[in-house]
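*Asks:* A predicted structure for the sequence below; I have some questions about it.
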Amino acid sequence: MAAVSGLVRRPLRQVSGLLKRRFHRTAPAALQVTVRDAINQGMDEELERDEKVFLLGEEVAQYDGAYKVSRGLWKKYGDKRIIDTPISEMGFAGIAVGAAMAGLRPICEFMTFNFSMQAIDQVINSAAKTYYMSGVAAQHSQCFAAWYGHCPGLKVVSPWNSEDAKGLIKSAIRDNNPVVVLENELMYGVPFEFPPEAQSKDFLVPIGKAKIERQGTHITVVSHSRPVGHCLEAAAVLSKEGVECEVINMRTIRPMDMETIEASVMKTNHLVTVEGGWPQFGVGAEICARIMEGPAFNFLDAPAVRVTGADVPMPYAKILEDNSIPQVKDIIFAIKKTLNI
Amino acid sequence: MRKMLAAVSRVLSGASQKPASRVLVASRNFANDATFEIKKCDLHRLEEGPPVTTVLTREDGLKYYRMMQTVRRMELKADQLYKQKIIRGFCHLCDGQEACCVGLEAGINPTDHLITAYRAHGFTFTRGLSVREILAELTGRKGGCAKGKGGSMHMYAKNFYGGNGIVGAQVPLGAGIALACKYNGKDEVCLTLYGDGAANQGQIFEAYNMAALWKLPCIFICENNRYGMGTSVERAAASTDYYKRGDFIPGLRVDGMDILCVREATRFAAAYCRSGKGPILMELQTYRYHGHSMSDPGVSYRTREEIQEVRSKSDPIMLLKDRMVNSNLASVEELKEIDVEVRKDLTLCCL
């Protein structure tokens, strides 16, 4: 596997290889892994590595996971390590916290984060105040980054692509603190290029560090989860018009990597935040507040602008749903407004 | 109860002497142990219950007496300190319920696990922390077991998980600890306590279901002291048979004022869980002398007469003392000495 991707990445060597009478190979496509498979891999590796790790939640075992994220794990690890629970969020969240208090490393899956609201007491009051680890959930319509990000004692991560998904869940499992992993179920089936380092069993994405997905000079665009993709699309469109956006993938909501964001704003002098959650008391609001409190404020040439989900409960009709979350055109609009173009 | 004690003491004590001086106390012959009858437990889905007689050794008796007296005096000292505003915030005292914490501890091993709610000072002591560490924590000192950052409701020790402020939330936690016990395969059990008020929380029934389904070694224990804050059990629960509320989980109702009854029931329950049969439920019928917390005088929803009656007829320390004296396991003077020592140690702690 490594040799194959080596050929892809080093074309010059490939040429010299041909001259040395090696086998003629067409360059294979770069390894593509969906977010779902990346999470599956991450959990599988951690279950193998540490006996204390186990997974519990609704339909995680015999159903292979409601979204098939835990496919194959029950067959491989059995009833002791992969546990189907009854529909009792508060109960099994508490059980997960208790097991962690007693030294195990549970991955507690909520089928959707809406269901986790039933258990929010256990997550906030029991988990956040005790030293342990917890985790995984699928985010359905509503973005819970602001809810959990508000709470001291929790770490909160929000993966965008496959690399993020695998690296962050592995870091979350190995972290001794409670970690809320905000998976976006709309991303499960999306394939991404999987770099060679991500294929290693020790590949970790550090919690608390953002990633600059695209370098730019005119404006900083900060986002997390699925909207990161939309930001990159917007950046591609704007690039044709001569506007170069720097797109930052937060990866972690709490603790937030303000250093990366500030350094970028001090370079570009403009800031737009993009999130799927509601506007009031959200991730963007927090970023703006912190920018004002820090050194980057003096570098702003225009007020920072937030692009968020609409301030309504998520509607049902597809057209309404699509218009309730930030689209590429909304991001482009906000960027142009900030840049006054 | 009194008649039974009288009969037992007649049989066992023989010639009870009353020595005049301490020297005589030290050299006097006490019985090594004595057998006592204890109340039969009400059973739910169980063919047999704990034994109705038990043997108490002199050594154990003195140990239990000292422990109960220490918890009693510690709680009364906390009351005093609270009124002097040296302890602040929440403070829930357990005087009257000493037979529960001491009796439960007597029925399990130190390697077993225990979790409870906020009326936790007694358990913090029986699970191994010193009175000094507890009082230091209550008074916000860094010598406290949580370095002064936790206060009354957040004290932890080895295999003791607090101390939990959210009513009922500790029950799923306890089931989770029991899951870890089963997972690790070391034959340990988890005692998961809650009160008569918390017994109506939905998450407890979720925990019952999963514990029974997965046969977790969890002993659910309802410490029924008749009042959930200011609401009596009759006003809160459609069924006050708390030992039956586990439905498919077998249960027993225990006299929580009798430390020997609590001990035997705990031994029985622990053996049940360790054999892999799954969870079991114990209801301890007990009583608290203080109000719900230090901000509750405790007399607006119950009568002073009721409190006084329990004190005079069912006080757990008194019951043990009478048993020991009447069966020649100890003398009145010896036990008084222990009282004095406990008070002295407490005073030294507070300096």
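*Replies:* Thanks, I have the structure now. Residues are numbered from 1 along each chain as shown, chains lettered A, B, ... in the order given.
*Asks:* my read is residue B:191 is in a strand, agree?
*Replies:* Yes. The assignment for residue B:191 is a strand, going by DSSP: H, G, I helix; E, B strand; the rest coil.
*Asks:* next one: it from chain A, what distance?
*Replies:* Between residue B:191 and chain A the computed distance is 13 Å (CB to the nearest CB, to the nearest Å). Heads up, the C-betas are built off the backbone N, CA and C, glycines and all.
*Asks:* state the distance from that residue to residue A:116.
*Replies:* With distances taken as CB to CB, to the nearest Å, residue B:191 is found 28 Å from residue A:116.
*Asks:* please compare these two by neighbour count and tell me which comes out ahead.
*Replies:* residue B:191 (28 against 24; other CB atoms under 10 Å in any protein chain shown).
*Asks:* report the beta-bridge partners for the more buried one.
*Replies:* Taking DSSP bridges as the rule, residue B:191 bridges to residue B:114, residue B:219.
*Asks:* quick check, pLDDT for it.
*Replies:* You'll see residue B:191 listed with a pLDDT of 98.
*Asks:* describe which strands the one helix or strand residue A:183 maps to pairs with in its sheet and in which direction.
*Replies:* In this assignment (DSSP states H and E), residue A:183 forms part of strand A:179-184. Sheet partners assigned to strand A:179-184 using DSSP bridges are listed as strand A:137-139 (parallel), strand A:155-157 (parallel).
*Asks:* list the contacts of the closest residue to residue B:239 other than its chain neighbours.
*Replies:* Of all residues not flanking residue B:239 in the chain, residue B:245 sits nearest, at 6.5 Å (CB to CB, 6 or more residues apart in numbering or on different chains). Taking CB atoms under 8 Å, 6 or more residues apart in numbering or on different chains, we find residue B:245 in contact with B:199, B:222, B:239, B:251, B:281.
*Asks:* repeat for residue B:62
*Replies:* By CB under 8 Å, 6+ apart, the contact list for residue B:62 reads B:324, B:330, B:334, B:338.
*Asks:* in TSV, list the residues you listed along with neighbour count, secondary structure and distance to chain A.
*Replies:* Shown next, in TSV, are the contacts of residue B:62 (neighbours: other CB atoms under 10 Å in any protein chain shown; DSSP: H, G, I helix; E, B strand; the rest coil; distance: CB to the nearest CB, whole Å):
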residue	neighbour count	secondary structure	distance to chain A
B:324	25	helix	37
B:330	23	coil	39
B:334	20	helix	41
B:338	16	helix	35
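*Asks:* near chain B, which residues of chain A are found?
*Replies:* Within chain A, the positions near chain B by CB under 8 Å from any CB of the partner chain are A:54, A:80, A:83, A:85-86, A:88, A:90-104, A:106, A:121-122, A:125-126, A:129.
*Asks:* kindly supply the PyMOL command isolating those of those that are buried.
*Replies:* The following PyMOL line selects those of the residues of chain A next to chain B that are buried, judged by 16 or more other CB atoms under 10 Å in any protein chain shown:
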select buried, chain A and resi 54+83+85+88+90+91+92+93+94+95+96+97+98+99+100+101+102+104+106+121+122+125+126+129
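*Asks:* what's the first-to-last distance across stretch B:323-338?
*Replies:* Terminal residues of stretch B:323-338 lie 16 Å apart, using CA to CA, to the nearest Å.
*Asks:* buried sites along that stretch?
*Replies:* B:323-331, B:333-335, B:338.
*Asks:* got it, and stretch A:243-253?
*Replies:* A:243, A:245-253.
*Asks:* from the residues you listed, which single one is nearest chain B?
*Replies:* Taking CB to the nearest CB as the measure, chain B lies nearest residue A:253 of the buried residues of stretch A:243-253, at 24.4 Å.
*Asks:* roughly how far does the closest one sit from residue A:31?
*Replies:* Taken as CB to CB, the span from residue A:253 to residue A:31 is 28 Å.
*Asks:* could you list the low-pLDDT ranges of the chain?
*Replies:* This is for chain A. A:1-29, A:129-142, A:316 (pLDDT under 70).
*Asks:* not quite, I wanted chain B
*Replies:* If you take pLDDT under 70 as the line, chain B has these spans: B:1-27.
*Asks:* which residues in it form helices?
*Replies:* Under the criterion DSSP state H, chain B contains helices at B:2-13, B:22-27, B:58-83, B:98-107, B:121-126, B:131-138, B:170-184, B:202-213, B:233-236, B:259-274, B:304-314, B:316-326, B:332-349.
*Asks:* which residues of the stretch 151-300 of chain B lie near chain A?
*Replies:* B:154, B:161, B:164-166, B:169, B:171-181, B:183-184, B:190, B:202-203, B:206-207, B:209-210, B:213-214.
*Asks:* what sits against the closest residue to chain A within the stretch 201-350 of chain B?
*Replies:* Nearest residue of the stretch 201-350 of chain B to chain A: residue B:206, at 2.7 Å (CB to the nearest CB). Contacts for residue B:206 (CB under 8 Å, 6+ apart) come out as A:86, A:88, A:90-92, B:172.
*Asks:* again, only this time at 10 Å
*Replies:* A:85-95, A:118, B:171-172, B:175 (CB atoms under 10 Å, 6 or more residues apart in numbering or on different chains).
*Asks:* ok, residue B:184 next?
*Replies:* A:51-52, A:102-104.
*Asks:* that older thread, out of the residues of chain A next to chain B, which are inside strands?
*Replies:* Using DSSP state E, the members of those that fall within strands are A:54, A:83, A:106.
*Asks:* Serialize those residues to a markdown table and add fields for distance to residue A:263.
*Replies:* A markdown table is the format used below for those (distance: CB to CB, whole Å):
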| residue | distance to residue A:263 |
| --- | --- |
| A:54 | 40 |
| A:83 | 44 |
| A:106 | 37 |
